[in-house]
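Enquirer: here is my input; please provide its structure:
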Amino acid sequence: MGNTIVNVPGSNVSINLNEYQCSDRGLILPIINEYTWPVWVRVVIYLATLLYLFLGIAIIADIFMCAIEKITSKTQIIKYPNPNNPDEIIDKEVKIWNDTVANLTLMALGSSSPEILLSVIEICGNNFLAGDLGPGTIVGSAAFNLLVISAICVIAIEKGEIRRIKNFKVFLTTATWSIFAYIWLFIILVLITPNEVTLWEAVITFLCFPLLVTQSFMTEKNFFLKSKKTDIDQEHQKLSQMTVWQRKKLFEAPVVSAEEVMQYTKAIGDRTDLTEDEKAKLMAAKILKSKDKSYAHYRINGVRQLTGSRRNEIELPEHLEEILRKNEIEEASQSKDDLGIQLHGTFLKDLSENGKKSVVEFAASSYAVLENEQVCRIIIERYGKLDQDVTFRVETIDGTAEAGEDYNKIDEVITMVKNQRFLPLDVTIIDDNQWEPDETFFVKLSLYGEQNDVKLGHKTICMVTIIDDDEPGEIEFSQPVYVVKESIGTFEVTVERKNGADGQVSVAFRTSDINAIADKDYIPKSGILDFKHGEITKTIPITIIDDKTAEKDESFAIELFDPKGGVKLARVWKTVVTIINDDDLKTIANRMANMVNADLDAISVVKKGWGQQFVEAMNVNGGDIETAKPLDYAMHFLSFPWKVLFAFMPPPHLLGGWLCFVCSLTVIGGLTAIVGDAAAIFGCLVGLKDGVTAITFVALGTSLPDTFASKIAAKNEKTADNAIGNITGSNSVNVFLGLGLPWLVATIYWQIKVNILFYNINLFLGFF
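Expert: Down below sits the predicted model:
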């Protein structure tokens, strides 16, 4: 703004319209003359500007994190023994960036870039003198991270669940450094050189950052305390804790194949109530859940929840979530039995670490009990180390069955004494002599207190089904349609007895042609199924004839009839079996595999071009309208200008992510400079000091994305590393880099200026 001098009529007084309340507080703002504006109007405008800038910074920081995710996901090819054939060597892609180094460098810079850049910009714009906004924001953000985010993570975890730090040594290292960081600030700013930072203090502060990264990396690699386990032992233990699916995917390419689709379809059953698209989404969600996720993944997801953009998670409807949950429970129950797979010619070790630790778990992942038995006995077993007492907590959780009405609730602490391998737990079932559908509840096992030599096994939750026996029940097929390939040979059709299991009953069955011909395409079958008292399932073996010729799909029916013993036929009394050619089945599987890969590509943060960026920016939820909520529409409307503007940023896949990294960091710097001005003017107008404004408004605004990210990680992850493990590392980096870097620049500037002054003085004195 130019000088605008106005003379007051009738006096010798002149007024400069550019000199008004708080007009001198910003480097960039105000951009127009606000002399005649009421103070309250300016307060509202600057507050709204701050909030909208925070939204913009969150969106550009999302793009910045996408670039970081691309950079840190860079891989290289290594040779690895094939787990199915130890003599064969296979190529495997592994990440170049170490996770700890990535988290403390690029990831920390991504999550803390506004605070760090604000501190740098403020000191450079203040004639290289320290201000209050930058340091205040860093201190306020640290307090918010430590207190508020930690509390939100604790609240987000459901009752009875526990999240532990997996990489505890690294967490302890970063926690120690974060405590030291603020002790160091107290020492240099209060004790050694009060309210002043010297060059050597700035150098030490800045050098603490690479020292933190180096020590954390060395700690992760057990450089200081050598582990008694070999690398192979640690790899075995790591693999033993994986699910079967995760172990399988470890040695395969990330792209989903048709064979995997067929295997997964078999795992969830031939469900005709699901479309191909729904099955593809189920498989994509399962693959995504099996992957290890970085903090950047949750940071990006948190921002996108805040702005109504496409999540980087597969969002499933409730009925698909239930199917996925049941499949995971079944897989977890099989996990222990599958630990015999071979790797490097040896068997995978169990969780007891060769008997050094006690492992406690349920003997089975599911139990069924007739209502009139009134007691369900659940067996808890221990293996590994037996010469110690083990204390754990057992509690029941309602499903469709409710405590107090269908069973007696259990919530107690139990101790297994030395050398005790099995412990029976009796749950009382309430027999009410009133018919009701079969119901389920869950029993959960968790450790009680700190026990270093005790671990939970794979089966920590078991499902109990209460079978109603007050009625004979109803009989039906488990599925209305079966799809089988011609070369399957013999398969089994399941018949279920539901809603009662009282007494001995029977039902007849028979096959009938539709367009498949008996004795040519399949072997006809008929007979009677006898269900004893309490028996709830029977199977019918059906043999398919493979004539080795290409044919169209053929079908035949199996029907139930003539129920006896008081039992009734339920809705699915008839099922249709469709025989398809193996090539047709593979075509379907290929189509589904393409759909799965398309679902995974849609949520990828790096596989995008400018066209896709604009499409996602201009559509609510990135174009996924089906899962969009009302809040998504509202936030999309507010953030639309920012989204379209930032869609011009280079896509993260260009130049390995570095072009997007530099451009987005530049934009963050520019927006941060405006935030600094807006915060300073707002604080001035309402009578707050810069330090107070920074610790409250600015720290809160810059920490919101981290809050969402940590909450999501706390709910979805099995460990606490991504939820609160980032807090200590981020707080350390904020001090060492966010304060150390601007201090170093400023002290060097003043040191050079002093040296020049002394040089000129000496030069001047040299003439005399």
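
Enquirer: least confident secondary structure element in the protein?
Expert: Here the helix or strand of the chain ranked lowest by mean pLDDT, DSSP states H and E is strand 342-343, holding a mean of 32.

Enquirer: low pLDDT regions in the stretch 1-150 of the chain?
Expert: 1-19, 77-94 (pLDDT under 70).

Enquirer: next, the residue nearest to D690 when sequence neighbours are not counted: phi, psi?
Expert: Once flanking residues are discounted, D690 sits nearest to D132: 3.6 Å by Cβ to Cβ, 6 or more residues apart in numbering. (C-beta placed from N, C-alpha, C; glycine too.) When quoted as degrees, to the nearest 10, the phi and psi of D132 stand at phi -100, psi -30.

Enquirer: would you agree D132 is in contact with K689?
Expert: Yes - assessed by Cβ atoms under 8 Å, D132 is found in contact with K689 at 6.6 Å.

Enquirer: neighbour count: those two, which is higher?
Expert: Shown here are D132 and K689; by other Cβ atoms under 10 Å, D132 has more neighbours (18 against 12).

Enquirer: which residues touch the more buried one?
Expert: Residues in contact with D132 (Cβ atoms under 8 Å, 6 or more residues apart in numbering) are 689-691, 694.

Enquirer: nearest to N312, of those residues?
Expert: A694 (31.3 Å; Cβ to Cβ).

Enquirer: please name the nearest non-neighbouring residue to the closest one.
Expert: Setting aside the residues directly before and after it, A694 is nearest to G136 in space (Cβ to Cβ, 6+ apart), at 2.8 Å.

Enquirer: give me the distance from stretch 170-180 to the chain's centre.
Expert: Chain-centre distance of stretch 170-180: 24 Å, with Cα atoms, centre = their mean, to the nearest Å.

Enquirer: re the thing from before, roughly how far apart are the residue nearest to D690 and Y407?
Expert: Distance of D132 to Y407, given as Cβ to Cβ, to the nearest Å: 61 Å.

Enquirer: kindly report the same for D432.
Expert: From D432 across to Y407, the span is 11 Å (Cβ to Cβ).

Enquirer: helices of the stretch 451-600 of the chain, start to end?
Expert: In the stretch 451-600 of the chain, the segments counted as helices under DSSP state H, counting those that start in this stretch are 582-602.

Enquirer: ok, A518 - contacts?
Expert: Counting by Cβ under 8 Å, 6+ apart, A518 has contacts 511, 524, 556.

Enquirer: what's the answer for Q504, then?
Expert: Going by Cβ under 8 Å, 6+ apart, Q504 touches 530-533, 565.

Enquirer: out of those, who's nearest L638?
Expert: F531 (60.8 Å).

Enquirer: count the neighbours of that closest one for me.
Expert: Using other Cβ under 10 Å, F531 is surrounded by 23 other residues.

Enquirer: bridged to it, which residues?
Expert: F531 has the following beta-bridge partners by DSSP bridges: V505.

Enquirer: which residues touch it?
Expert: Counting by Cβ under 8 Å, 6+ apart, F531 has contacts 475, 497, 501, 504-507, 538, 567.

Enquirer: need the longest helix for the protein.
Expert: The helix spanning the most residues in the chain, taking DSSP state H as the definition, is helix 39-72.

Enquirer: list the buried residues for it?
Expert: For helix 39-72, the neighbour count (16 or more other Cβ atoms under 10 Å) marks 42, 45-47, 49-50, 53-72 as buried.

Enquirer: by neighbours, which of the contacts of Q504 wins?
Expert: Neighbour tally across these (other Cβ under 10 Å): the maximum, 23 neighbours, falls on F531.

Enquirer: CA atoms only: put stretch 730-742 into CSV for me.
Expert: Taking Å, rounded to 0.1, in the frame of the first residue of the first chain, the C-alpha atoms of stretch 730-742 are listed here in CSV:
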residue,chain,number,x,y,z
SER,A,730,7.1,-35.4,15.9
ASN,A,731,7.7,-33.4,19.1
SER,A,732,11.4,-34.0,19.0
VAL,A,733,11.7,-33.1,15.3
ASN,A,734,9.6,-29.9,15.9
VAL,A,735,12.2,-28.6,18.5
PHE,A,736,15.4,-29.8,16.8
LEU,A,737,14.4,-28.8,13.2
GLY,A,738,11.6,-26.3,13.8
LEU,A,739,13.6,-24.2,16.2
GLY,A,740,17.1,-25.4,15.5
LEU,A,741,17.0,-24.5,11.7
PRO,A,742,15.7,-20.9,12.1
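
Enquirer: and it, how far out from the chain's middle?
Expert: Mean C-alpha position of stretch 730-742 versus that of the full chain (Cα atoms, centre = their mean) differs by 27 Å.

Enquirer: do you know how far D721 is from E158?
Expert: To E158, D721 is 19 Å away according to Cβ to Cβ.

Enquirer: what's the answer for L320, then?
Expert: As judged by Cβ to Cβ, L320 and E158 stand 20 Å apart.

Enquirer: more neighbours: the two, which one.
Expert: Between L320 and E158, counted using other Cβ under 10 Å, L320 has the larger neighbour count: 17 against 7.

Enquirer: show me what contacts the more buried one?
Expert: Neighbour list for L320: 274, 278, 281-282, 285 [criterion: Cβ under 8 Å, 6+ apart].

Enquirer: which ones among the residues you listed map onto helices?
Expert: Using DSSP H, the contacts of L320 in helices are 278, 281-282, 285.

Enquirer: quick one on the thing from earlier: can you list the contacts of L320 in CSV and add neighbour count and distance to R393?
Expert: As requested, these are arranged in CSV below (neighbours: other Cβ atoms under 10 Å; distance: Cβ to Cβ, whole Å):
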residue, neighbour count, distance to R393
L274, 18, 37
E278, 16, 37
K281, 21, 36
L282, 24, 33
A285, 21, 31
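
Enquirer: next, format the residues you listed as a markdown table and append distance to I414.
Expert: Output for those, formatted as a markdown table (distance: Cβ to Cβ, whole Å):
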| residue | distance to I414 |
| --- | --- |
| L274 | 41 |
| E278 | 42 |
| K281 | 41 |
| L282 | 37 |
| A285 | 35 |
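
Enquirer: of those residues, which one scores lowest on pLDDT?
Expert: In this model, the minimum pLDDT among these belongs to L274 (69).

Enquirer: tally of neighbours for N755?
Expert: If we define neighbours as other Cβ under 10 Å, then N755 has 10 of them.

Enquirer: is it true that it lies in a helix?
Expert: Yes - assessed with DSSP: H, G, I helix; E, B strand; the rest coil, N755 lies in a helix.

Enquirer: can you pick the most crowded of the contacts of D132?
Expert: A694 leads the contacts of D132 on contacts (other Cβ under 10 Å) with 31 neighbours.

Enquirer: residues touching that one, list them.
Expert: Residues near A694 by Cβ under 8 Å, 6+ apart: 132-137, 139-140, 679.

Enquirer: could you measure from it over to G701?
Expert: Distance, A694 to G701, using Cβ to Cβ: 10 Å.

Enquirer: next one: L654
Expert: Look at L654 and G701: by Cβ to Cβ, they are 30 Å apart.

Enquirer: A634 now?
Expert: Using Cβ to Cβ, A634 is found at 19 Å from G701.

Enquirer: ok, these two, which is more surrounded?
Expert: Neighbours per residue, other Cβ under 10 Å: of A634 and G701, the larger number sits with G701, 21 against 12.

Enquirer: average model confidence for the helix or strand harbouring that one?
Expert: Using DSSP states H and E, G701 falls within helix 699-716. Per-region confidence: helix 699-716 scores 82 on mean pLDDT.
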